[in-house]
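Trainee: the following comprises the amino acid sequence and a computationally predicted model.
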Amino acid sequence: MTAPGPSASGTADVGCKVVRVTAEETASGKSAAPSGRQQRRRRPDDPGRRRDPVGTRRAILAAAGTEFGTHGFDGARVVRIAEAAGVSHQLITYYFGSKRGLYEALSEQWLETAMPVGHTLPYAEAVRRYVYMACEDPGWVRTLTREEPGTPPPAEDDRAVELLKSVQELRARQARGEFRGDLDVGAVSLAFFAASIAPVALPWIAREFTQQDPASQEFIDHYSEQVARIISALAEAPVKDGAVNGAAEDGEPEE
């Protein structure tokens, strides 16, 4: 299971209402550090920005999250990101080097914030938190769903390494009895990753299935709890093959 990503903007402009996840809950607390891939070419020309590099980076990443989520990587424009962040194009170049460097920094931020949740909490609780995190920052969800099939996005290698770690961690949880041993961990990871982002990625379908407003606080509280309960149910004993194949549907009692 992977999760969804960090809140760049701090608020959800569309979709679920904002639900803050504290540093203790995410087990992160790490401040965003400059990407190792960035290429510093020019010093920032705004003295005020130089005095607040953390705030400047946060504003740029927030604007970038919205831009990538709306237009995808190929369609995103650095000039629009700069305008939305209230900074110069040169300042983005100074901090991130290029559009690719900016995308990679967003991916790093996502990994640094989301991965510790899955490593430090029971799996059911981790996925419940991921539902809230996706709702809090829908931009990264839309960015992921806009990636071109078959085309590796920037930072794909780093992301693949972390996702593999999460699958290995899930396999260890399975060995400890956290959920049933007859389940494929890759399939479980994919299913619950999709479940965590569904209210943001598929709001219309979420509304039709549940007959609730996926943008409401009531929905996200109820939905996240239900997903956690489903995961907890996976720790129960395996269902008999006959029941799985429909043999028990005719009312015959199981032995």
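Mentor: The structure has been received and is ready for your questions.
Trainee: would you map the helices across this structure?
Mentor: 23-26, 47-51, 53-75, 78-85, 89-96, 99-120, 123-136, 138-145, 156-175, 185-201, 203-210, 217-233, 241-244 (DSSP state H).
Trainee: any chance of those in JSON lines, with mean neighbour count and mean pLDDT too?
Mentor: All C-beta atoms are positioned from the backbone trio N, CA, C, and that covers glycine. Formatted as JSON lines, these follow (neighbours: other CB atoms under 10 Å; pLDDT from 0 to 100):
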{"stretch": "helix 23-26", "mean neighbour count": "14", "mean pLDDT": "40"}
{"stretch": "helix 47-51", "mean neighbour count": "12", "mean pLDDT": "52"}
{"stretch": "helix 53-75", "mean neighbour count": "20", "mean pLDDT": "86"}
{"stretch": "helix 78-85", "mean neighbour count": "17", "mean pLDDT": "92"}
{"stretch": "helix 89-96", "mean neighbour count": "21", "mean pLDDT": "90"}
{"stretch": "helix 99-120", "mean neighbour count": "22", "mean pLDDT": "80"}
{"stretch": "helix 123-136", "mean neighbour count": "24", "mean pLDDT": "88"}
{"stretch": "helix 138-145", "mean neighbour count": "24", "mean pLDDT": "80"}
{"stretch": "helix 156-175", "mean neighbour count": "15", "mean pLDDT": "82"}
{"stretch": "helix 185-201", "mean neighbour count": "19", "mean pLDDT": "91"}
{"stretch": "helix 203-210", "mean neighbour count": "13", "mean pLDDT": "94"}
{"stretch": "helix 217-233", "mean neighbour count": "16", "mean pLDDT": "92"}
{"stretch": "helix 241-244", "mean neighbour count": "11", "mean pLDDT": "40"}
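Trainee: roughly how far does P138 sit from L183?
Mentor: Per CB to CB, to the nearest Å, P138 is found 29 Å from L183.
Trainee: also P199?
Mentor: From P199 to L183 the distance is 24 Å (CB to CB).
Trainee: report the contact partners of the closest residue to T145 other than its chain neighbours.
Mentor: Distance criterion CB to CB, 6 or more residues apart in numbering; nearest residue to T145, sequence neighbours excluded, is A201 at 5.3 Å. A201 makes contact with 141-142, 145 under the criterion CB atoms under 8 Å, 6 or more residues apart in numbering.
Trainee: same thing with F179?
Mentor: Contacts of F179 (CB under 8 Å, 6+ apart): 123, 173, 188, 231, 234-235.
Trainee: from those residues, which two are the most distant?
Mentor: V188 and A235 (11.9 Å; CB to CB).
Trainee: neighbours of the nearest residue to L183 once chain neighbours are set aside, how many?
Mentor: Excluding its sequence neighbours, the residue lying closest to L183 (CB to CB, 6+ apart) is L234, at 6.6 Å. Close neighbours of L234, defined as other CB atoms under 10 Å, add up to 17.
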